[in-house]
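J.: no sequence on this one, just coordinates:
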């Protein structure tokens, strides 16, 4: 602070005229600025609306997705169930019991005299002989064992055969239709009766092995599907147990 | 400017300010008090009970669903499923809701599921309960339909709960071996029990956030612990051989009127069990009707006296010690007296002159005793132990018995004699099969095995460790014994029915006094008959052993069990492409 008081005063006196001039100014009304708020409001409102619409759409799409998810999940479950059902059918159809019976029905017999061909020198080892029916092995048809195993699966068979070719959903409708009419809606049972024939193809194997099976079939199958009585040949085949014909017709 | 007002004003002001000051203090105190209550409560909520409240909140807003692991399959050696699991449910009912419409519901269930109508009606009307089972293990494809039909007809009160169904496509074939799975999803017997910890996998769970209305909140946090599916078992069993052997054994047991029977076929080189049949079996697809007896695994749990089949092991020990050769001459008297017991052969004879081969072919007890006297008790015992007698094979089936082989130090002279021809010791089927496979496998014992690998959920296969193996007798001795055993199935032997044309078949019959499974004592007049053999004798690949307990038709090993052996072995040789070696039949004189 090296400035002297004189110097300060001189500076102030130099400023004074200006300040006097300013003090003469009177208050003016505030300038009316036409601040154009319209676009801004529009912008905000627009964002708001867009946001809402976006949210709505997002919600909708999420809803839709969850519906789709549920539907696809149901479908996956149904398909998985169907796959299992078919697996069980394949297992049953390829079981040794059934194959043996099927082979026996087709007139095949085990060959107790195999002949071997040595590929290295083309030599035949052993003496070829005509296989005699039932020389070896003498396979007993074990009624209680093989039979019960199949019996358990008996009720499936209608369902199983239903499944061929069409989606599970359709099956259900056919079946429910048939069922809701309880006794004798001919269309419903007509469809079912054809299936029954298909079931006969599988049943045949059982009835040869598992005795007592066929009676069981008569009980369940009849009451289920044959009430309408529109299809007689399917029934006859299935319970007669001679099904080479049934096979051909319904597969 | 008005003049200042006199007097009272300053006093009033000070009174007012004092009052407001008081009010302020009270308010502050009040607010402070209330805030401190809040703070205390906050501290209680956040500091003290925080976890309890958090979990309560979580419980309120979340739902946990159990995700069940699927049970591993059991495959045969070719990858064919022998046990598989199907999604299924149990149908249950609340009788308080169903009793009114019981007949309608029962009619549908009878038609759809084949349930007994009257029984079902009774269950649907059962008094004083709110829970009954209507049907167990109903596959989903059936239950779904039933439920939709019931739903459509507004018949309420029937419910489903998870109840997986284990299916065994081949029914009772291999039933004892596979075992069964109980209602709780865990194995009760057989492989299902032994490997339950692997097969059953590990259940998982999923937790979702729920809206108050009970719906899942989309995109909300959810924790899912995926279930670990069970590991599958790759077995050594050949399903087709198993099935055929099972049928063949069933027939034999029925034809001979036996109590039970077992048949086992092993690959002598690897110790793999190709088939392991047991009768009576049961239907594993009907778990509900099983008895405790069905859960018994006769092949590893039942012990019996091996009888003459054991002579193979005695002669193996003798051959290994260099005491016996195929043409070793044995002078056999009509009877032999040990410790005051008279021992005879199955057929009465005077003094005869048998070669060692003849002694095996005709199955002379006396010859076996005389020959066995050439080695010490300890040598015989050590060999039998080395063959695996008196100890578990650890084949991987539950409840395996070790059989009975007393320590040689406690053997009496008569025990030494009887053990030499297969009495006074007890074995299991699998034990004896493994021992005879060792003879077939050039003298090397290979632990029998049933599992070759674990099928991981990702599809990879983790092989099981190689089975334990050790040499029991020399290769030379094993070859000699195999050659001697071929005489059994040739003319003059005890089991020509076991012969398979074109092959050299080594075998040995057994007919022993029967031991009761409960009392462990002899049952007078009853027998356990058996036949063991392998082929081709000059290059053995497979060993089959058949046991029939208590036949009622007077069968012997050579007549009751040998035909079963023949049929099973024929199929196995054919199936595995074992061509006859072209070796000529062995001609060793049986007598001298």
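T.: Great, that's in hand. Predicted model, so just to flag it, every value in this text is computed and none were measured.
J.: where does the stretch 101-250 of chain B come near chain A, residue by residue?
T.: B:108, B:110-114, B:139-142, B:144-145, B:148-149, B:152-153, B:167-173, B:218-219, B:239-240, B:243-244, B:247-248, B:250 (CB under 8 Å from any CB of the partner chain). Quick note: C-beta positions are derived from backbone N, CA and C, even for glycine.
J.: State which strand of chain B is the longest.
T.: Assignment by DSSP state E gives strand B:522-535 as the longest strand of chain B.
J.: now for that strand, which elements pack on it?
T.: Contact here means 3 or more CB pairs under 8 Å, 6 or more residues apart in numbering or on different chains; DSSP states H and E; on that basis strand B:522-535 packs against helix B:429-440, helix B:475-489, strand B:506-515, strand B:542-549, helix B:562-575.
J.: Recalculate using a threshold of 7 Å.
T.: helix B:429-440, strand B:506-515, strand B:542-549, helix B:562-575 (3 or more CB pairs under 7 Å, 6 or more residues apart in numbering or on different chains; DSSP states H and E).
J.: Mean pLDDT, distance to residue B:191 and mean neighbour count added to the ones you listed, as a markdown table?
T.: Output for these, formatted as a markdown table (pLDDT from 0 to 100; distance: least, CB to CB, whole Å; neighbours: other CB atoms under 10 Å in any protein chain shown):
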| stretch | mean pLDDT | distance to residue B:191 | mean neighbour count |
| --- | --- | --- | --- |
| helix B:429-440 | 95 | 14 | 29 |
| strand B:506-515 | 90 | 27 | 28 |
| strand B:542-549 | 95 | 20 | 29 |
| helix B:562-575 | 92 | 21 | 24 |
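J.: Format these as JSON lines; extra columns: distance to residue B:313.
T.: Shown next, in JSON lines, are these (distance: least, CB to CB, whole Å):
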{"stretch": "helix B:429-440", "distance to residue B:313": "6"}
{"stretch": "strand B:506-515", "distance to residue B:313": "10"}
{"stretch": "strand B:542-549", "distance to residue B:313": "13"}
{"stretch": "helix B:562-575", "distance to residue B:313": "18"}
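J.: For chain A, find the nearest of these.
T.: Each of the helices and strands packed on strand B:522-535 was scored for nearness to chain A using CB to the nearest CB, and the closest is helix B:562-575 (4.4 Å).
J.: Quick one: check that closest one for contact with chain A.
T.: Yes: against chain A, helix B:562-575 shows contacts by CB under 7 Å from any CB of the partner chain at B:567, B:570, B:571, B:574.
J.: Next one: the residue in chain B positioned nearest to chain A from residue B:242, what distance?
T.: Closest contact between chain B and chain A, by CB to the nearest CB, is at residue B:171 (3.1 Å). For residue B:171, the distance to residue B:242 equals 12 Å [CB to CB, to the nearest Å].
J.: re the thing from before, what angle do the longest strand of chain B and helix B:475-489 make?
T.: For strand B:522-535 against helix B:475-489, the angle by axes from the mean of the first three to the mean of the last three CA atoms, to 10 degrees is 110 degrees.
J.: What pairs with strand B:522-535, parallel or antiparallel?
T.: Note on strand B:522-535: by DSSP bridges, its sheet partners are strand B:506-515 (antiparallel), strand B:542-549 (antiparallel).
J.: List the buried residues in it.
T.: Across strand B:522-535, burial judged by 16 or more other CB atoms under 10 Å in any protein chain shown covers B:526, B:527, B:528, B:529, B:530, B:531, B:532, B:533, B:534, B:535.
J.: before we move on, what about stretch B:489-499?
T.: Those would be B:489, B:490, B:493, B:494, B:495, B:497, B:498, B:499, for stretch B:489-499 by 16+ other CB under 10 Å.
J.: do that stretch and chain A meet?
T.: No: using CB under 7 Å from any CB, stretch B:489-499 stays clear of chain A, coming no nearer than 11.9 Å.
J.: For residue A:78, find the nearest of the strands paired with strand B:522-535.
T.: Proximity to residue A:78 (CB to CB) singles out strand B:542-549 among these, at 46.6 Å.
J.: contacts for that closest one?
T.: Under the contact criterion CB atoms under 7 Å, 6 or more residues apart in numbering or on different chains, strand B:542-549 has outside partners B:252-253, B:256, B:258-268, B:274, B:304, B:429, B:432-433, B:436-437, B:440, B:514, B:528-535, B:560-561, B:564-565, B:568-569, B:572.
J.: For residue B:171 and residue B:242, work out which one has more neighbours and name it.
T.: More neighbours surround residue B:171 than the other of residue B:171 and residue B:242, with 31 against 27 (other CB atoms under 10 Å in any protein chain shown).
J.: so which helix or strand takes in the more buried one?
T.: Counting by DSSP states H and E, no helix or strand carries residue B:171.
J.: Which pLDDT does the model give it?
T.: If you check residue B:171, the pLDDT there is 80.
J.: For it, what are phi and psi?
T.: Here is the backbone geometry of residue B:171 (degrees, to the nearest 10): phi 60, psi -130.
J.: The buried residues of strand B:522-535 into CSV, with extra columns for distance to residue A:113?
T.: Formatted as CSV, these follow (distance: CB to CB, whole Å):
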residue, distance to residue A:113
B:526, 38
B:527, 33
B:528, 33
B:529, 28
B:530, 27
B:531, 22
B:532, 24
B:533, 20
B:534, 21
B:535, 15
